[in-house]
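Colleague: Sequence isn't available, so here's the structure alone:
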């Protein structure tokens, strides 16, 4: 498993789905994908993706990367993807356009970084949605 202290701030960003259960927006199921810094666990922002045959818009992913760049005034060196998301190609494409190398890691290896984020999200946004 990897932990935040194995990275320098802005060395590695992670793009991952943060919700384990669908989030209902106007009775439509959505997933939420975030982009975060692996060392600080700072979340730059998110994009929504309707679960039924729709991926995040490329323009939204591009804006998310631009938000991250503006927050740090530089690009990370690597982007980590979990390799099991239909959005991986969109995030990979945008990362590579901006000079980031892409690594695939099993989500279970990222638990020390993603676990607290997912738990916080579930307790803050998912309670009462069942």
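Modeller: All right, it came through fine. All figures in this text were calculated on a predicted structure; none of them were measured in a lab.
Colleague: if you go through this protein in chain order, where are the helices?
Modeller: Counting by DSSP state H, the segments of the chain that form helices are 58-72, 88-97, 111-121.
Colleague: quick one: average pLDDT of the first one?
Modeller: The average pLDDT for helix 58-72 rounds to 95.
Colleague: Report the angle between it and helix 88-97.
Modeller: An angle of 50 degrees separates the directions of helix 58-72 and helix 88-97 when computed by axes from the mean of the first three to the mean of the last three CA atoms, to 10 degrees.
Colleague: Please name the nearest non-neighbouring residue to residue 43.
Modeller: residue 36 (4.6 Å; CB to CB, 6 or more residues apart in numbering). (Glycine included, C-beta is placed from N, CA and C.)
Colleague: If you count neighbours, what's buried in stretch 97-106?
Modeller: For stretch 97-106, burial by neighbour count (16 or more other CB atoms under 10 Å) applies to 100, 102.
Colleague: Give me the contact list for that stretch.
Modeller: Defining contact as CB atoms under 8 Å, 6 or more residues apart in numbering, one finds that stretch 97-106 is touched by 2, 13, 65, 69, 75-83, 88, 92, 95-96.
Colleague: Now with 10 Å, please.
Modeller: If you take CB atoms under 10 Å, 6 or more residues apart in numbering as the criterion, stretch 97-106 is touched by 1-2, 12-16, 62, 65-66, 68-69, 75-84, 88, 91-96.
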